[in-house]
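S.K.: Please work out how this folds:
(chains A and B)
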Amino acid sequence: MPTKDEVFEKIQAALVDALGVDEEDVKPEATLVGDLGAESIDFLDIVFRLEKGFNIKIPQGELMPEDVLKDTRYVVDGKVTEAGLAELRQRMPYANLDEFAQNPVVQDFTKLFTVADLCRFVEGKVGATE
Amino acid sequence: MRWYWIDRFVEFESGRQAKAIKCISLAEDHLHDHFSYYPMIPHSLVIEGLAQTAGLLVGEFNHFREKVVLAKVPKIAFYCEATPGDVLTYCAKIEYIKDVGAMAAVSSHKGDVPHAEGELVFAHLNEPRLGSLFDPATFLRMMCLLGAYDVGRAADGSKLQPPPHLLRALYAGNCEGN
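M.R.: Below is the predicted model of the structure:
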């Protein structure tokens, strides 16, 4: 099993390749969309690289449960409801959704996703050690 | 006008890899201005040729039922120029195919000399409002024209065959034409 440092290094390399950013820009607190300039298609590319790099499978919707954001039970007037936030927290234990929860506009959902969130997601998939 | 930037497939292994050749000729109009005294194929058209090689390989994997579009060029590097008289060999290897898209490693060679290499990401567009981006029979004509079924091999090693639904579409189109 890889260590958390090894997970970060591989993710850093994957993001450098996928987004064309400099290695030093890929910090744990950097947001993928806001700081590293990721667009929607880049998430497809990133998932490819994570699957290959870590030899894991990431089913569609596991990293970003987009189905919740399209579900009328969880979204009203373009905002995620309390029930929706609870569903997201349950499905995304690796992500810190506190800031998003303050103004949960659906379109802003991916903007707050950080490198650290991505690391925690992969650490959970591969059982990374300290 | 047809947007063909490969001339012929020389290898086509379903779901794995394909090789196509592109012969560069001074008869191509765009070379007269790119550049007047030093004609060379624009790198953007090499990328298009690589994308056609890889895109048809990706599309064939799902029998052309997916709408395959080039979504991203994460990496591309050119090592030299290609000029009239050169024959480029484009190679595409599928790295990944998923429900939502695919990634291919691509390269271009002039004989044994590396000309370019990179990665291409394709998306499968499943938005119903888009309808069919292309006439299904167009793919069959393109694959036949480029010799994919002459050299192609299916995943089990047998001769590559056109998907029955494309044959039906082509036949229906021909009947309407008559």
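S.K.: Please count neighbours and contacts with C-alpha atoms only from this point.
M.R.: Will do.
S.K.: how many other residues sit next to the residue of chain B found nearest chain A?
M.R.: Using Cα to the nearest Cα, the single residue of chain B nearest to chain A is B:P74, 5.7 Å away. Other residues lying near B:P74 total 17 when counted by other Cα atoms under 10 Å in any protein chain shown.
S.K.: quick one: it from B:L26, how far?
M.R.: 31 Å (Cα to Cα, to the nearest Å).
S.K.: And for A:D77?
M.R.: On the measure of Cα to Cα, A:D77 and B:L26 end up 59 Å apart.
S.K.: buried residues in the helix or strand that contains A:V7?
M.R.: For A:V7, the host element (DSSP states H and E) is helix A:4-19. Within helix A:4-19, the residues that count as buried by 16 or more other Cα atoms under 10 Å in any protein chain shown are A:4, A:7-8, A:10-19.
S.K.: Report all helices and strands that the helix or strand encompassing A:Q90 contacts.
M.R.: For A:Q90, the element it lies in under DSSP H and E is helix A:82-91. With contacts taken as 3 or more Cα pairs under 8 Å, 6 or more residues apart in numbering or on different chains; DSSP states H and E, helix A:82-91 sits against helix A:66-69.
S.K.: wait, what's in contact with B:L170?
M.R.: B:P136, B:A137, B:L140 (Cα atoms under 8 Å, 6 or more residues apart in numbering or on different chains).
S.K.: pretty sure it belongs to a strand, no?
M.R.: No. Applying DSSP: H, G, I helix; E, B strand; the rest coil, one finds B:L170 to be helix, outside a strand.
S.K.: just to revisit the earlier point, so which of the contacts of B:L170 are in helices?
M.R.: B:P136, B:A137, B:L140 (DSSP state H).
S.K.: returning to that earlier point: is the helix holding A:V7 in proximity to chain B?
M.R.: Yes. Residues of helix A:4-19 contacting chain B under Cα under 8 Å from any Cα of the partner chain: A:D17, A:A18, A:L19.
S.K.: The nearest residue to B:A169 once chain neighbours are set aside: how many residues sit nearby?
M.R.: Among residues not flanking B:A169 along the chain, B:A137 sits closest, at 5.6 Å (Cα to Cα, 6 or more residues apart in numbering or on different chains). If you count neighbours by other Cα under 10 Å, B:A137 ends up with 20.
S.K.: Quick check, B:A137 in contact with B:L167.
M.R.: Yes. B:A137 is in contact with B:L167 according to Cα atoms under 8 Å; the separation is 7.3 Å.
S.K.: circling back to that earlier point, would you mind giving the buried residues of helix A:4-19 as a markdown table with pLDDT added?
M.R.: Putting these into a markdown table (pLDDT from 0 to 100) gives the following:
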| residue | pLDDT |
| --- | --- |
| A:K4 | 93 |
| A:V7 | 96 |
| A:F8 | 97 |
| A:K10 | 96 |
| A:I11 | 97 |
| A:Q12 | 97 |
| A:A13 | 96 |
| A:A14 | 96 |
| A:L15 | 97 |
| A:V16 | 96 |
| A:D17 | 93 |
| A:A18 | 94 |
| A:L19 | 94 |
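S.K.: I'd like those residues laid out as TSV, including distance to B:H30.
M.R.: Output for the buried residues of helix A:4-19, formatted as TSV (distance: Cα to Cα, whole Å):
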residue	distance to B:H30
A:K4	52
A:V7	47
A:F8	46
A:K10	43
A:I11	42
A:Q12	41
A:A13	38
A:A14	37
A:L15	36
A:V16	35
A:D17	32
A:A18	32
A:L19	32
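S.K.: Return the member of those residues nearest to chain B.
M.R.: Relative to chain B, the closest of those is A:A18; by Cα to the nearest Cα it sits at 5.7 Å.
S.K.: wait, B:V58 sits on B:A102?
M.R.: Yes. Between B:V58 and B:A102 there is a contact under Cα under 8 Å: 7.1 Å.
S.K.: Touching both of those two, which residues are there?
M.R.: With Cα under 8 Å, 6+ apart, B:V58 and B:A102 have common neighbours B:I94.
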